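Chemist: pasting the structure only:
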């Protein structure tokens, strides 16, 4: 025990401290370490349950997200289908309007042709009246003048030339 004395340790106090430490350890083990150990295991179990719940929630969220994406794809397909149908309806409407416009244009063209034909007929009637007037005028001049063969031939040629000239003028207009 010489070493303990040299260190300034009393053997009795050392023995009391060792016994006190052992008793303190046993008391702590019974009253503190057990409940702390139980509390830590309960906390570990709660954390494990929370982790499992989080994993379950994540799986549920992933499944929900997948169903949302599937529905989104379905909606996009529906939108594409509706857009195609709308495009087709628009094309049919454009085609119908074009056909209607063409029909109106044909009607206007036929109306214009009828007007042209009527105006042409009026012009022909006017030309006939003018020719008749010329013929009457020619006849009056013929009767007023004495005719010899040369003069007669010159008047006939002039009359034919006038008629051809009038016909050419009407053909240009």
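Modeler: Yep, it's here. The structure presented is a predicted model; accordingly, all values stated were derived computationally and were not measured.
Chemist: CA only for contacts and neighbour counts going forward, please
Modeler: Will do.
Chemist: how about the helices of the protein, start to end?
Modeler: 2-7, 11-27, 34-144, 149-172 (DSSP state H).
Chemist: adding mean pLDDT and mean neighbour count, write those helices out as TSV.
Modeler: Listed next are those as TSV, based on pLDDT from 0 to 100; neighbours: other Cα atoms under 10 Å:
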stretch	mean pLDDT	mean neighbour count
helix 2-7	77	9
helix 11-27	91	12
helix 34-144	90	12
helix 149-172	78	12
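Chemist: pick out the residue closest to the middle of this protein.
Modeler: residue 83 (7.0 Å; Cα atoms, centre = their mean).
Chemist: so who does that one touch?
Modeler: Applying Cα atoms under 8 Å, 6 or more residues apart in numbering to residue 83 gives no contacts.
Chemist: repeat that with 10 Å
Modeler: Residue 83 makes contacts with 77, 89, as judged by Cα atoms under 10 Å, 6 or more residues apart in numbering.
Chemist: number the residues from 420 up from this point.
Modeler: All set: I'll call the first residue 420, so the last point we hit is now residue 502.
Chemist: ok, now how distant is it from residue 495?
Modeler: 10 Å (Cα to Cα, to the nearest Å).
Chemist: same check on residue 585?
Modeler: 76 Å.
Chemist: before we move on, what about residue 512?
Modeler: Distance from residue 512 to residue 495, by Cα to Cα: 25 Å.
Chemist: need phi/psi at residue 429.
Modeler: phi -90, psi 140 (degrees, to the nearest 10).
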